[in-house]
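Undergrad: Would you be able to build a 3D model of this:
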Amino acid sequence: MLEHAIRGDFALIKAWKADTAGNLVFRYTARNFNPMMAAAADFTIAEVEEIVEAGEIHPDQVHVPGIYVNRIFKGVPSKRIERLTVIDMAENKAANPSAPTKNKDYDKRERIAKYEYQNDLSHVVPI
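TA: All right, here's what the predicted structure looks like:
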């Protein structure tokens, strides 16, 4: 029995860099599924962070050849959702003297105990 591959009408993919010929370069985990989606779709649209002239990307660095890409556009940088929030312990202690100070040794012991409990299989009932 032969299963036919799933074909998509459109593929919207995000790449790090592209040249004007349509060759794409991905970064990090974008290399997992974007090349396959570009090849499986009938029409591929790529949003890229940087567009360079044809030939500026070394052939060994190309992850998706331009034959699979129909349109390229330069996207605006995405706004990151995560925000780093840090509390200065000295400032916090000055503002609220009754605030508990962070004990690094206690936090480390707590993390180790949690890890050991998660990996302890002695409480599993054999079948």
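Undergrad: what residue ranges in this protein are flagged as low confidence?
TA: Scanning the chain for pLDDT under 70 picks out the ranges 78-127.
Undergrad: Let me see the domain layout of this protein.
TA: Following automatic domain parsing, one gets these domains for the chain: 9-74, 89-119.
Undergrad: ok, how many other residues are close to Tyr68?
TA: The local packing of Tyr68 (other CB atoms under 10 Å) involves 19 other residues. In short, each C-beta sits where N, CA and C put it, glycine included.
Undergrad: again with Met37
TA: A count of nearby residues for Met37, using other CB under 10 Å, gives 17.
Undergrad: cool, and Pro77?
TA: Count around Pro77 with other CB under 10 Å applied: 6.
Undergrad: separation between it and His63?
TA: 21 Å (CB to CB, to the nearest Å).
Undergrad: same question, Val25
TA: Val25 is 6 Å from His63, by CB to CB.
Undergrad: overlap in contacts of the two?
TA: Ala15 (CB atoms under 8 Å, 6 or more residues apart in numbering).
Undergrad: which one of these two has more residues nearby?
TA: Val25 (21 against 18).
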